[in-house]
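Q: here is my input, please return the structure:
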Amino acid sequence: MENDQFLPDLKKTSQDIEARLKFLSLSFMQMSFEPLAAQAATQGWSHVQYLEALAEGEAALRRDRSIQRRIRLARLPVIKTLEQFRWSWPTAINRAAVQNLFRLKFIDEKANIIFLGGVGLGKTHLATALGYAACLEGKSVLFATAVDVINTLSAAHASNRLKSEIKKYLAPAVLILDELGFLPIDKHGADLLFQIISLRYEQGSIIITSNRAFKHWPQIFNNDSTLTSAILDRLLHHAETVLIEGKSYRMKEQVEP
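A: Residues are numbered from 1 along each chain as shown. Coordinates of the predicted model:
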């Protein structure tokens, strides 16, 4: 009889705990404190073991949410991994060097990575995979094509928002500039891109993909050799360049019998 009288108090206590955990935004604990309490009673856990299970579950949930948030903010076009890369397709690529990049030491060193090669050889795949790996390790990342960056900054400049817009490209630990050289850049666009590269110099990593060899980069930047030299000077001071050779993988079906 005494037990029956005590049950409503247990229920109220449980409801109070759930409400407080919800108020504290402890989602895992809110969902799991009762099931884990039952498991603790069955398996003879100590109070410390029970608390440890709750805390670890809450931490894991928050880690997962943090990773998903970083991936969302990175604006990666697709999720790619190193394991998905087709090493057999390029005729030349330094596999060991690429794999070493995925240790992500270059981020702490604020160094740059430049992938050079023709179209369809996996440059964007590797750049995106590095960005995804960085997100998983708690690093902030932002992906954008070079043309999109220039267009965004040009619009911001026209509306007197350039300073605040530039900050968006300086904030992440890793900035991925994709497809540099696929379209020509006028002088104004080249100047804007130079600002990003210059301000990130030794402050944050840049990953660049380009289909142009360095000797042809003046053609990218409106044939301005002085500006091109200044850009390369900052990019290559702390950088690793990965050359990829071969035919476009997207043309694979056409070139194979």
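Q: where do the helices sit along this protein?
A: 2-23, 27-43, 47-74, 95-101, 105-108, 123-136, 146-158, 162-170, 187-200, 217-220, 225-237, 252-255 (DSSP state H).
Q: now the longest one: mean pLDDT?
A: Going back to what we said before, that points to helix 47-74. Mean per-residue pLDDT for helix 47-74: 93.
Q: give me the helices and strands touching that helix, please.
A: On a contact count with 3 or more Cβ pairs under 8 Å, 6 or more residues apart in numbering; DSSP states H and E, helix 47-74 meets helix 27-43, helix 123-136, strand 141-145. C-beta: built from backbone N, CA, C; applies to glycine.
Q: go again with 6 Å.
A: Identification of packing neighbours for helix 47-74 by 3 or more Cβ pairs under 6 Å, 6 or more residues apart in numbering; DSSP states H and E yields helix 27-43, helix 123-136.
Q: so which of the helices of the chain comes closest to Lys80?
A: helix 123-136 (4.4 Å; Cβ to Cβ).
Q: ok, residues contacting that closest one?
A: Residues from elsewhere that reach helix 123-136 (Cβ atoms under 6 Å, 6 or more residues apart in numbering): 67, 70-71, 74, 76, 79-82, 85, 102, 104, 115, 117, 141, 143, 174, 176, 178, 207, 209.
Q: those residues in strands, which ones?
A: Per DSSP state E, strands hold the following members of the contacts of helix 123-136: 115, 117, 141, 143, 174, 176, 178, 207, 209.
Q: farthest-apart pair in the residues you listed, please.
A: Counting by Cβ to Cβ, the most remote pair of these is Gly117 and Val141, 21.8 Å apart.
Q: next, the buried residues of stretch 19-28.
A: Counting neighbours by 16 or more other Cβ atoms under 10 Å, one finds that the buried residues in stretch 19-28 are 21, 26, 28.
Q: quick one: end-to-end distance for it.
A: In stretch 19-28, first residue to last residue: 13 Å (Cα to Cα, to the nearest Å).
Q: please pull out the lowest mean pLDDT helix or strand from this structure.
A: helix 252-255 (a mean of 49; mean pLDDT, DSSP states H and E).
Q: residue ranges with poor pLDDT in the stretch 101-250 of the chain?
A: Counting by pLDDT under 70, the ranges of the stretch 101-250 of the chain that qualify are 249-250.
Q: format the helices of the chain as JSON lines; extra columns: distance to Ile244.
A: Formatted as JSON lines, the helices of the chain follow (distance: least, Cβ to Cβ, whole Å):
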{"stretch": "helix 2-23", "distance to Ile244": "51"}
{"stretch": "helix 27-43", "distance to Ile244": "43"}
{"stretch": "helix 47-74", "distance to Ile244": "23"}
{"stretch": "helix 95-101", "distance to Ile244": "9"}
{"stretch": "helix 105-108", "distance to Ile244": "18"}
{"stretch": "helix 123-136", "distance to Ile244": "6"}
{"stretch": "helix 146-158", "distance to Ile244": "18"}
{"stretch": "helix 162-170", "distance to Ile244": "25"}
{"stretch": "helix 187-200", "distance to Ile244": "22"}
{"stretch": "helix 217-220", "distance to Ile244": "17"}
{"stretch": "helix 225-237", "distance to Ile244": "18"}
{"stretch": "helix 252-255", "distance to Ile244": "15"}
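Q: no further queries at this time; thank you.
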